[in-house]
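Engineer: model the structure of this input:
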Amino acid sequence: MVKIIERKCEDTVPLELLEGKRHLTAEEIEVLEKNLNHNTDETWSNVFVPVEQEKFDVSLIYVTFFSGFVIIGEMKKQQLQYNDLILEVGIRNSRISNVVIGDNCVIRNIAYLDNYRIGNRNILFNIQELCCTNHSKFGSGFLKKGEPEEHRCWIGVANENDGRRILAFEKMIPSDAYLWSHYRDDDELLQRFFEMTENEDTQKDNTYGIIGNDCVIKNCSIIKDTKVCDAAYVKGAHKLKNMTVLSSEEEPSQIGEGVEMVNGILGYGSKVFYQAIAIRFVIGRNCQVKYGARLLNSVLGDNSTVSCCEILNNLIFPFHEQHHNSSFLIATTVMGQSNIAAGATVGSNHNSRSPDGEIFAKRGFWPGLCSDFKHNSRFASFVLVSKGSYQYELDIQYPFALVSPGFNGSQKINIIPAWWFMYDMFAITRNNDKFIKRDKRKKKIQIIETDPLACDTMQEIMQALDRIINLTRDYLIKIDSDYMNDADTPQKEYQAAKDFLHQNPEADFTLDDNLCQKKYGAVIFKPVQAYKMYRKIVKYFSVRTLVQFCKNLNCDRLTKDLLSKIRKLSLYTEWENVGGQIIPCEKRKELFSSIKEGQIDSWDKVHEFYKYCSCSYDEYKVRYALYLLEELYSRPIEEFSVDLFRHITDDVSIVAYDIYNASLKSREKDYTDYYRNMTYQNSEEMKKVVGPLEDNSFLRKLKSDTNEFINALKVIFTDLTTK
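Structural biologist: Here you go, the predicted model:
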């Protein structure tokens, strides 16, 4: 209901704002009134301007209504330009109250401007409403003094029923959201997270809106309770309410036409355009949300792009791609480097009579065209899911696998473990290069692991190897294989299955894995080939890590002295993807203990802990690489024979060459395949369109890196093979 109130001028003005300011002179008041300006205070004593009269040209203010206190900075006859927009400094055709305006700003055609502090050199042009209440939180989850709890703004990530809800704050990154939302059994820890977020608020009392320096805001409808940082560009936005636009000269953010954003934080260098909608959100650095995308109750990680799609109740790690109008995510945790194809419905609503569940996908998740899934489902890293409707819950525990519906009406799903390594090595190799190039963050709060072959995926591969061995054991027992004749203990059965996999490289059989799909299970194809390929990749990762470790120390071979130093490093065998950074699980537990004990009592200190872990990551990784190599052969590396070292280097060389050759052949198809070049009139036209093969910078660098790595392989173990 609209109320009639008597508007009173502010009795007091914050004293710190009046430094270097004075009241208007009688001559200046006369000029203002001649220029059709009005004031609720007939004496104009509520307006303050610079002490130096030469810095303030009162004639630049036209047809404006003043009320409350108004403090104006330097104002000279000059123009501000942004792209094709050029406007004269001054205040025109506006209604302003309780505002502080910095030096040389353009304030033009603002129907209602109230309770804002505006920096220097800003252009504010054609805005219907720009105001701030005295209880704004700018998208963060804290409360002001005396506010009821129901006013708190929670974000229901990863679960539609708010079971994993978190509070936003300005410095939040996906790691914070992940730790808070996915360890719900520790009430003391959750309370500490809550308290740290409450302490992020520096304005417990009345607040005012903020617009930084060098911003352009034009042709907008409603901007309310919004903080806009330096160098931001906002054009044609429909509604921005209770939010923060993080921006800087180095990483400017932009908001475009028709956008609605309510209750959230937009990260540095991010862009939101073309009728996109975001409600209760945190959007990371260097993200794009556009073309009608709907982002609700979600956290979106750095370097992500979403358009045309619907994203509800999600926690998404960095490097997420979702571009299609018919795709949507609901109640998922997607751990980054992901790509959601057209028509994919990941987490459809109302799939049972019970409360809707969740989908958990590790990094590299790629559901194919028109694929849909049922809650709850879980996916290992870099799983490619073929087009299909998956009617039952999935638990895919094989990284780098291809998953597809069953053949000929079979209810079992089909899985080829290690599919990427066997059939599309180029895509895996290119991923790391692609993500590094897409990382446009100027300030990296957290180091994101972009290499598909890292500690987390190696841990998954080792678990998949163990699973293949156990399933093979069950298969051999079922067919009454001779390999099981002398296997009278579980340990001997396990070893017999390993021996079978090693000694029968051409064996053609399938395995049944009942855990991969509820009710019907899965058929595992090519288990021997997958087993051997997984082992090769682990060896490749381990040796590559050891080579890089030696290179960092300016030596070319692994000596016994270096081995001794590596063994003294802390060994961690369990890893966790925490917002894109790979951290040992023990370190995550250490962080939790420090938070509960009060040693870490702010989110800034949590972020410092992430940095500490990233500084030690290379040491963690090389120790883990040595452990993996020894685990594969069940003995210390000092006991490896010359033949065993030769076998290792041969396998690693093959993988290195396969990576390069697969990449080259994949690119060559664009030039040699009949169907790929039949749309061109001749080879010259094709080269003009796709570019010459020899100009491919990725392939040139890959070739150089491969040759360098192969040369390093020749000598890396030479000191260990000499007696």
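
Engineer: list the contacts for Gly368?
Structural biologist: The neighbourhood of Gly368, defined by Cβ atoms under 8 Å, 6 or more residues apart in numbering, consists of Ala341, Ala344, Leu384, Val385, Ser386, Lys387, Gly388. C-beta here means a position set from N, CA and C on the backbone, and glycine is covered the same way.

Engineer: what's the closest non-adjacent residue to it?
Structural biologist: Using Cβ to Cβ, 6 or more residues apart in numbering and skipping residues adjacent in sequence, the residue nearest Gly368 is Lys387, 4.5 Å away.

Engineer: quick one: contacts of stretch 473-482?
Structural biologist: Tyr483, Met484, Glu493, Tyr494, Ala496, Ala497, Phe500, Phe509, Leu511, Asp512.

Engineer: can you do 10 Å?
Structural biologist: 472, 483-484, 487, 490, 493-498, 500, 509-513, 524, 527 (Cβ atoms under 10 Å, 6 or more residues apart in numbering).

Engineer: can you name the helix or strand that the residue nearest to Gly368 falls in?
Structural biologist: Using DSSP states H and E, Lys387 maps to neither a helix nor a strand.

Engineer: what do you get for Ser564?
Structural biologist: Using DSSP H and E, Ser564 sits within helix 560-568.

Engineer: other SSEs contacting the next helix-or-strand element following that helix?
Structural biologist: With elements assigned by DSSP H and E, the helix or strand that comes after helix 560-568 is strand 575-578. Strand 575-578 sits against helix 174-182, helix 455-478, strand 581-584, helix 585-596, helix 617-633, with contacts defined as 3 or more Cβ pairs under 10 Å, 6 or more residues apart in numbering; DSSP states H and E.

Engineer: how much space between Glu590 and Tyr572?
Structural biologist: Noted for Glu590: a distance of 11 Å to Tyr572, by Cβ to Cβ, to the nearest Å.

Engineer: repeat for Cys215
Structural biologist: 46 Å.

Engineer: compare these two (neighbour count), which wins?
Structural biologist: Cys215 (26 against 18; other Cβ atoms under 10 Å).

Engineer: so who does the residue nearest to Glu631 when sequence neighbours are not counted touch?
Structural biologist: Using Cβ to Cβ, 6+ apart and skipping the chain neighbours, the partner closest in space to Glu631 is Met462 (7.1 Å). When contacts are counted by Cβ under 10 Å, 6+ apart, Met462 touches Tyr534, Arg535, Val538, Thr573, Tyr627, Leu628, Glu631, Leu632.

Engineer: how far does the helix or strand hosting the second one sit from its chain's centre?
Structural biologist: Of the helices and strands defined by DSSP H and E, Arg535 is found in helix 527-552. Centroid separation between helix 527-552 and its chain, computed with Cα atoms, centre = their mean, to the nearest Å, is 27 Å.

Engineer: what of stretch 252-265?
Structural biologist: Taking mean C-alpha positions (Cα atoms, centre = their mean), stretch 252-265 and its chain are 18 Å apart.

Engineer: and for stretch 85-93?
Structural biologist: So, by Cα atoms, centre = their mean, the centroid of stretch 85-93 is 39 Å from its chain's centroid.

Engineer: average pLDDT across it?
Structural biologist: Average pLDDT, stretch 85-93: 97.

Engineer: just the buried positions in it, please.
Structural biologist: By neighbour count on 16 or more other Cβ atoms under 10 Å, the buried set for stretch 85-93 is Leu87, Val89, Gly90, Ile91, Arg92.

Engineer: beta partners of the third one?
Structural biologist: Beta-bridge pairing of Gly90, defined through DSSP bridges, involves Val106.

Engineer: surely it meets Ser59?
Structural biologist: Yes. Under the criterion of Cβ atoms under 10 Å, Gly90 is in contact with Ser59, at a separation of 8.4 Å.

Engineer: find residues that contact each of those two.
Structural biologist: Joint contacts of Gly90 and Ser59 (Cβ under 10 Å, 6+ apart) are Met75, Lys77.

Engineer: mind checking how far Ala401 is from Ile659?
Structural biologist: Taken as Cβ to Cβ, the span from Ala401 to Ile659 is 19 Å.

Engineer: more neighbours, these two?
Structural biologist: Ala401 (24 against 21).

Engineer: gap between the more buried one and Phe421?
Structural biologist: Counting by Cβ to Cβ - Ala401 and Phe421 are separated by 10 Å.

Engineer: spit out the residues that contact these two alike.
Structural biologist: Residues touching both Ala401 and Phe421 (Cβ under 10 Å, 6+ apart): Phe382, Ala530.

Engineer: may I ask you to name the longest strand in this protein?
Structural biologist: strand 216-228 (DSSP state E).

Engineer: how about that strand: buried residues?
Structural biologist: Neighbour-count burial for strand 216-228 [16+ other Cβ under 10 Å]: Val216, Ile217, Lys218, Cys220, Ser221, Ile222, Ile223, Lys224, Asp225, Thr226, Lys227, Val228.

Engineer: okay, now the unreliable bits of the protein?
Structural biologist: For the chain, applying pLDDT under 70 flags the ranges 1-12, 201-206, 348-356, 694-695, 722-723.

Engineer: would you list the phi and psi of the residue lying closest to Leu246 once chain neighbours are set aside?
Structural biologist: Nearest in space to Leu246, with sequence neighbours left out and distances taken as Cβ to Cβ, 6+ apart, is Tyr268 at 4.8 Å. With angles defined as degrees, to the nearest 10, Tyr268 sits at phi -60, psi 140.

Engineer: coming back round to it: would you turn the helices and strands packed on strand 575-578 into CSV with distance to Pro417?
Structural biologist: As requested, the helices and strands packed on strand 575-578 are exported to CSV (distance: least, Cβ to Cβ, whole Å):
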stretch, distance to Pro417
helix 174-182, 26
helix 455-478, 6
strand 581-584, 21
helix 585-596, 24
helix 617-633, 17
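
Engineer: ok, Leu190 touching Trp180?
Structural biologist: Yes. Judged on Cβ under 10 Å, Leu190 makes contact with Trp180 at a distance of 7.2 Å.

Engineer: what is in contact with those two at once?
Structural biologist: Ile166.

Engineer: more neighbours: those two, which one.
Structural biologist: Legend: neighbour count by other Cβ under 10 Å for Leu190 and Trp180, higher for Trp180 (23 against 15).

Engineer: can you name the residues that contact that one?
Structural biologist: Trp180 neighbours (Cβ under 10 Å, 6+ apart): 157, 164-167, 172, 189-190, 192-194, 196-197, 315.

Engineer: repeat for Arg117
Structural biologist: With contacts defined as Cβ under 10 Å, 6+ apart, the neighbours of Arg117 are 14, 17, 71, 98-102, 132, 208-212, 227.
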